[in-house]
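1. need a 3D model of the following:
(2 chains)
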Amino acid sequence: MDYTIRSAQQPLGTPTADWEHPVWDAADTLDIALYRWQDSGHHPRTQARVLYNDDYLAAIFRVEDRYVRAVAENFGDPVSNDSCVEFFLSPYAMGLTDAYFNFELNCGGTLLLRRCSSTTERGWGRRNPLLAKSDASLLRIAHSLPERVEPEITEPTTWTVEFHVPFELFGRYFVDLPRPEAGTEWKGNLYKCGGDTSHPHSGTWAPIQLEKASFHSPAFFQPLHFA
Amino acid sequence: MEYTIQRASAALGKPTADVDQKLWSGADEIEVTHFTWKDSGHRPRVRARVLWDDDWLAVRFEVDDRYVRAVAEKFNDSVCSDSCVEFFVAPSGDPTQDAYFNFEVNCGGTILLHCMPSTSNREAGHQGQSVSDADGATIRIAQTLPKIVEPELTEPTSWAVEYHVPWSLFGSYFGDVTPTAGTTWRANFYKCGDKTSHPHWGSWSPVDTPRPSFHQPAYFQPIHFA
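-> Residues are numbered from 1 along each chain as shown, chains lettered A, B, ... in the order given. Below is the predicted model of the structure:
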């Protein structure tokens, strides 16, 4: 299982959260479709696309959802309790180095982002610090729903979020990291969740063979190839 | 799959890294044979033996290698990027008590050693803990190669490391766990070389994860003190 991150064929511009925008014609589509853990039974169809250019990595999610909620409003609030999509991305290929960024966004476009330690760094006692607010503000984010969705929307609702992250941000948090180019391999996984919605669920792109739901499992990341 | 740690038949003395030393002929041998992840194709022959006595746990690795490199030179530097052998050991036979030491040693004899939390404590948010330099210095080590091997040796090269760990070091991080004959712990043995020209990841007990990952105590196997 792997995914190819294609090169954008036109300027990425500012994010629009428009799944049908022509910029995304160049991208492969993946499905977050694995729901292996016991949950409410609500398994929203969730798709994602990723592109890159010299300066930015861009990702868009489309969710055919219901029971949609967003109450986290500030950077670093626990967005995974809301209707949430996540992209965990380790800027390293094969090997034991598995530090990563966990991009977590609720349907209102609120972001949580930590620089998660590698296993070896955890052994050194290094924690997973939230990014500095000034660094997190380098992300450009667009979302189709309002920032706050409360009470929950129980009707079928399709929503999108899109974010662009400058490669410079990776350079600030991961040492000795060249910018990706055609042929570069990174690794990661993508998720859908909604911990405190009325219908909690935990979906993944790449399978995680663990008994308990645990997205922070870099051993199960799969290759992402830059083309 | 399991391993028996024989009791040393004579005083362990100081480590020598001499693979012909008679003392070691009494030890059982394991081989790191599971190179299950996509790699460079370089799969060195790796054998390990372990002995114990009242004061020490002694570990010896022999590697028939090539593309050999060692640049990490200080205790707790990232030795797994170099030509490296590893012994992860949880001082309990109970799979749920799986806090462990990860002894990682490059071919130059530089050690990285952390005390990693049990799975349940990790899930509760606990990080690992670096073993202090002073505690690390209580490990005695010998190796056949120089401390720094750079540039890489691309020719076939056999190397060995031997280290002796005092039981007091386990005591400082796990409480009194000193084994007696009949005690069972759990462990795995590994070989890697992430930043050599030919990266590879091997284990004694196979680890069923899609990416190379050694910190998986669920795949440790019983080791019995005889």
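
2. helices of chain B, start to end?
-> B:119-123, B:133-136, B:167-174 (DSSP state H).

3. any idea which of these gets closest to chain A?
-> When the helices of chain B are ranked by proximity to chain A, the top entry is helix B:119-123, at 7.5 Å, counting by Cβ to the nearest Cβ. For the C-beta atoms, the positions are set from N, CA and C on the backbone; glycine is no exception.

4. go through that closest one and flag the buried ones.
-> B:119, B:122 (16 or more other Cβ atoms under 10 Å in any protein chain shown).

5. residues in contact with it?
-> The set of residues external to helix B:119-123 that reach it, using Cβ atoms under 8 Å, 6 or more residues apart in numbering or on different chains, is A:212, A:214, B:96, B:98-99, B:116, B:217-218.

6. flag the least confident of these.
-> Across the set of the contacts of helix B:119-123, residue A:212 stands lowest in pLDDT, at 88.

7. quick one: contacts for that residue?
-> Residue A:212 neighbours (Cβ under 8 Å, 6+ apart): A:37, B:123.

8. within the helices and strands, which one has it?
-> Counting by DSSP states H and E, there is no helix or strand that carries residue A:212.

9. torsion angles phi and psi at it?
-> Main-chain torsions, residue A:212, degrees, to the nearest 10: phi -100, psi 140.

10. same thing with the one 5 residues further on?
-> As for residue A:217, its main-chain torsions (degrees, to the nearest 10) stand at phi -130, psi 80.

11. am I right that it is in contact with residue A:211?
-> No: applying Cβ atoms under 8 Å as the test, residue A:217 and residue A:211 come out as separate, 11.7 Å apart.

12. helices or strands up against the longest helix anywhere in chain A?
-> In chain A, ranked by residue count with DSSP H as the criterion, the top helix is helix A:167-173. Contact partners of helix A:167-173 among helices and strands, from 3 or more Cβ pairs under 8 Å, 6 or more residues apart in numbering or on different chains; DSSP states H and E: helix A:133-136.

13. contact partners of the helix it packs on?
-> For helix A:133-136, contacts defined as Cβ under 8 Å, 6+ apart pick out A:75-76, A:111, A:113, A:130, A:169, A:172-173.

14. which one of these is nearest to residue A:10?
-> Closest approach between the contacts of helix A:133-136 and residue A:10, by Cβ to Cβ: residue A:169, at 22.5 Å.

15. model confidence for the residue in chain B positioned nearest to chain A, exactly?
-> Minimum separation of chain B from chain A (Cβ to the nearest Cβ) falls at residue B:114, amounting to 3.0 Å. What the model reports as pLDDT for residue B:114 is 97.

16. ok, residue A:213 next?
-> pLDDT, residue A:213: 89.

17. for it, give me its contacts.
-> Counted by Cβ under 8 Å, 6+ apart, residue A:213 has contacts A:37, A:202.

18. secondary structure element for the most centrally placed residue in chain A, which one?
-> Centroid check for chain A by Cα atoms, centre = their mean gives residue A:87 as the closest residue, at 2.0 Å. Using DSSP H and E, residue A:87 falls within strand A:84-90.

19. what inclination does the helix or strand following that strand have with respect to strand A:84-90?
-> Counting by DSSP H and E, the next helix or strand C-terminal to strand A:84-90 is strand A:100-106. On the basis of axes from the mean of the first three to the mean of the last three Cα atoms, to 10 degrees, strand A:100-106 is oriented at 170 degrees to strand A:84-90.

20. rounded mean pLDDT for strand A:100-106, please.
-> For strand A:100-106, mean pLDDT is 98.

21. and stretch B:13-28, what's buried?
-> Buried-residue list, stretch B:13-28, by 16+ other Cβ under 10 Å: B:15, B:17, B:19, B:23-24, B:27.
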